[in-house]
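Visitor: got a sequence here, can you model it:
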Amino acid sequence: MASDASFANLLECPICYEQFKTAPKQLPCKHTLCEACLHGLVQYNSIICPECREESPVPPGGVAAFPNDLTMQRFLEHHRTKALQTHTGQPPRSPIKKPIDHSPVDLQRSLQGTLLLMERDKDVFTKANQSLQEERQRYQQWRAAAQKRITDVLDHVEGIVRQRKVQLLKDIETIYQRALLSVETEDVKVEVKKQGMDKLCVALREKLSQSATVGTRNDHDQVVTMVSQAQAVDASLRGGIELQLTQLNLLETGMDDLLSGIRGWGQVTATPQIHKIHPPALPTSPSIPPPPVLLGHSKMMTGPAMTSHQGMVKPSGQLSKTQTTTAASQHQQQQLKQVPVLQQQLKQVPVLQQQLKQVPVSQQQQQQTGGGSGQSTPQVHQEQVHVPPQVQQQSNESQSLKKSQVTPVKAPHSSHIEQHQEPSSRYASMGQMSIQFGYDGGPGLLSSPLAVAELPNGTMAVTNGMTYEIKLFNNQGNHLKSMSLPSRGSFKHGLTGIAVHPAGHMCVSNPDRKEIQLVSVEGQVKGQLRVKVSIGEEKFCPWGIACSSQGVMYVCDRANHRIRVLNATGAHVSSFGGRGKDFGKLDCPTGVALTPNGQVAVADSNNNRVQIFTPEGGFVRSFGMEGSGLGELKGPSAISIDQNGYMAVSEMTNNRVQIFTPAGQPLVVFGKAGAEGGQFASPRGITVSRDGKVIVCDTKNDRVQVFQ
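Guide: Prediction:
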């Protein structure tokens, strides 16, 4: 008996200490829990195992998508079958399809067992009401947090608008006064010229009245000189008078982008999820006999179906036949007294069914038919605009109740979910480190890796921050080759950026040499590119770098707070940015990447944001602000964009990686400060591989980590 009791204990959930009722779920750490308890352990889209404390991300399909523990299921079936044999003294009966007559005792026992199950199962509605009440409270909390967030952000924008208004009005007044002064100056000049003209006319009139008395040579010469001067002045007036005036303009460049950015900021979405309410277990009292099988019933229960209920009863000891019969009789009488109440409740079923038909279930039907996007919404920071995970719970549960009249509703298989997985769902479940390399010595030892890029053959190229080396690794993290680049002068930064040129070579940023080095995959330096800066600027300090499919290079000039644009031949053609905090200005940009439509995304490190520009350098939009919540940034050091436009940003101050949608909305964040797997110490370089893996340079831990 002791061994049977120990075996029965193994079949219990370690959280609720109840025997598994539904299919037991197995975590990646191989520990098994019941699905109901797993729902209660979900925090920030992940679960911490209560056995080993290992953190596991929740799959895109939710808790139901965790794999079933098949071994535990077989043990449960064996235990329930054995319990049935012990209770009845017979093995499970095979289904008999021929209808037979039932004795009054069988009918009474069947009624008793059915009432017992209904009394237990109807408690699920109480739990559902409690869950819905809690959900209402969570919705209220979410609404308050969302309203506060929107108010704070837009009040901040309003404050900036007011400051901008005051500054523009001040600029207008200053320019107006300057222009007015220029008009006054020209007015004085015109008045002086007019007075001179008037004096000349008076002198001509006097000479004209004295012309009859002109007789001497001297008088004649004076008249000739005066006439010549007057004719010259008159000739100059025929060409008009030039006034030095100022043209005043109010340029509204960026207004459309500004209004579009404000109108497009903030998205309130609702993602339906199923929250399943489980009925309580049967009482453990040995005095309650299990419901018998009514043979010949049109919806009869076979032997295995019986064990699913009877396996929940855990006898605590052996009772005599007389004791069992007496206890059963007393319980039957108590249950029969409740029959009128149950009949009254059953009369309300048509009304409930009519109400269920009015519940909108269009979104759930779309998911069940595979029409949904498959996107899962992660848990987010309290101040971030988001929707709690159980949106439209009532309609989902109503639809489930309709479909569970005879057959239980089964969660979709995990493999089916993966086949329809959208990029957002893939990233939302990301955070599990698959491999790490570069820290275990040997020729592949890394020293403060700063940048990483994926070569066309899938090889990972990593630059060192403490040496002038590029190291190549395969997709398993095995070291393939090391390449040393020429150095010059005192060491300061190392190799800070790397990108793959369409021609096949690597473009490597070397701020110590003030140049970009063109390196073949064999390690040969094919050339150097330098940028001639303007007078008053610092020397060229290349950092992050990105190459377009046409060979145009966008380089972060960290010291001058600009993005340098080099054409396919390597010539410097333009730049944009400049130090500042306004939109379009930069402060120590260290990372740059290109979107699928050719826009330029810049990790504006000291401004704690990411800015999007046109290929020509025109400001498009910005997202992120200083902080440690979801959607907030602190020290964004590098950025990489996949083929669908999803952006991965490494934060060296927050020691984490954050994924954003193409619209700049936060999707998921993973990592924290530390040296364990999945933790970071000042992460810098980052790239998203062609198969969707996120490769991160964990700089101060001297390693590279790969997540999928």
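
Visitor: against which helices or strands is the helix or strand where residue 556 lies packed?
Guide: Taking DSSP states H and E as the definition, residue 556 sits inside strand 553-557. If contacts are counted by 3 or more CB pairs under 8 Å, 6 or more residues apart in numbering; DSSP states H and E, strand 553-557 sits against strand 497-500, strand 506-510, strand 542-547, strand 562-566, strand 589-594. Bear in mind the C-beta positions are built from the backbone N, C-alpha and C, glycine included.

Visitor: the closest residue to residue 692 other than its chain neighbours: which element?
Guide: Excluding the flanking residues, the one nearest residue 692 by CB to CB, 6 or more residues apart in numbering is residue 426, at 5.9 Å. In the assignment (DSSP H and E), residue 426 maps to helix 423-428.

Visitor: what's the average pLDDT for that helix?
Guide: In this model, helix 423-428 has a mean pLDDT of 73.

Visitor: kindly format the C-alpha coordinates of that helix as CSV.
Guide: The C-alpha coordinates for helix 423-428 follow below in CSV (Å, rounded to 0.1, in the frame of the first residue of the first chain):
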residue,chain,number,x,y,z
PRO,A,423,7.3,37.3,-37.2
SER,A,424,5.6,39.1,-34.3
SER,A,425,4.8,35.7,-32.7
ARG,A,426,8.3,34.4,-33.2
TYR,A,427,9.8,37.5,-31.6
ALA,A,428,7.2,37.6,-28.8
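
Visitor: buried set for it?
Guide: 423-428 (16 or more other CB atoms under 10 Å).

Visitor: so which elements touch it?
Guide: Using 3+ CB pairs under 8 Å, 6+ apart: helix 423-428 touches strand 666-670.

Visitor: for the protein, give me the ranges with low pLDDT.
Guide: Counting by pLDDT under 70, the chain contains low-confidence ranges at 1-7, 83-103, 106, 211-217, 271, 273, 275-276, 278-422, 424, 488-490.

Visitor: need the longest helix for it.
Guide: When the chain is parsed with DSSP state H, its longest helix is helix 123-209.

Visitor: off-centre distance for that helix?
Guide: Centre-to-centre, helix 123-209 and its host chain are 35 Å apart (CA atoms, centre = their mean, to the nearest Å).

Visitor: from the contact counts, what lies against that helix?
Guide: helix 217-238, helix 393-403.

Visitor: packing partners of the first one?
Guide: What that stands for is helix 217-238. Counting by 3+ CB pairs under 8 Å, 6+ apart, helix 217-238 packs on helix 123-209.

Visitor: could you find the closest non-adjacent residue to the residue nearest to the spatial centre of the chain?
Guide: Among the residues of the chain, the one closest to the centroid is residue 667, at 1.4 Å (CA atoms, centre = their mean). Distance criterion CB to CB, 6+ apart; nearest residue to residue 667, sequence neighbours excluded, is residue 659 at 4.5 Å.

Visitor: please identify which of the buried residues of helix 423-428 is nearest to residue 36.
Guide: residue 428 (23.1 Å; CB to CB).

Visitor: now do the buried residues in the strand holding residue 556.
Guide: Neighbour-count burial for strand 553-557 flags 553-557 (criterion: 16+ other CB under 10 Å).

Visitor: now stretch 507-523 - C-alpha only, CSV.
Guide: What follows is stretch 507-523, C-alpha atoms only, in CSV (Å, rounded to 0.1, in the frame of the first residue of the first chain):
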residue,chain,number,x,y,z
CYS,A,507,33.3,47.3,-44.5
VAL,A,508,34.9,47.7,-41.1
SER,A,509,34.9,50.9,-39.0
ASN,A,510,38.3,51.8,-37.5
PRO,A,511,38.0,55.1,-35.6
ASP,A,512,41.6,54.8,-34.4
ARG,A,513,42.8,55.1,-38.0
LYS,A,514,39.9,57.6,-38.9
GLU,A,515,38.9,55.3,-41.8
ILE,A,516,36.7,52.5,-43.1
GLN,A,517,38.7,49.5,-44.1
LEU,A,518,37.5,47.3,-47.0
VAL,A,519,38.4,43.7,-46.1
SER,A,520,37.9,40.5,-48.1
VAL,A,521,36.6,37.3,-46.5
GLU,A,522,40.2,36.0,-46.8
GLY,A,523,41.4,38.9,-44.5
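
Visitor: in it, what's buried?
Guide: Per 16+ other CB under 10 Å, stretch 507-523 contains these buried residues: 507-519, 521.

Visitor: ok, residue 234 to residue 204 distance?
Guide: Distance of residue 234 to residue 204, computed by CB to CB, to the nearest Å: 11 Å.

Visitor: likewise residue 705?
Guide: For residue 705, the distance to residue 204 - CB to CB - is 96 Å.

Visitor: rewinding a little: what would the buried residues of stretch 507-523 look like in JSON lines with distance to residue 537?
Guide: Listed next are these as JSON lines, based on distance: CB to CB, whole Å:
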{"residue": "507", "distance to residue 537": "22"}
{"residue": "508", "distance to residue 537": "22"}
{"residue": "509", "distance to residue 537": "17"}
{"residue": "510", "distance to residue 537": "19"}
{"residue": "511", "distance to residue 537": "14"}
{"residue": "512", "distance to residue 537": "18"}
{"residue": "513", "distance to residue 537": "18"}
{"residue": "514", "distance to residue 537": "12"}
{"residue": "515", "distance to residue 537": "16"}
{"residue": "516", "distance to residue 537": "17"}
{"residue": "517", "distance to residue 537": "22"}
{"residue": "518", "distance to residue 537": "24"}
{"residue": "519", "distance to residue 537": "27"}
{"residue": "521", "distance to residue 537": "34"}
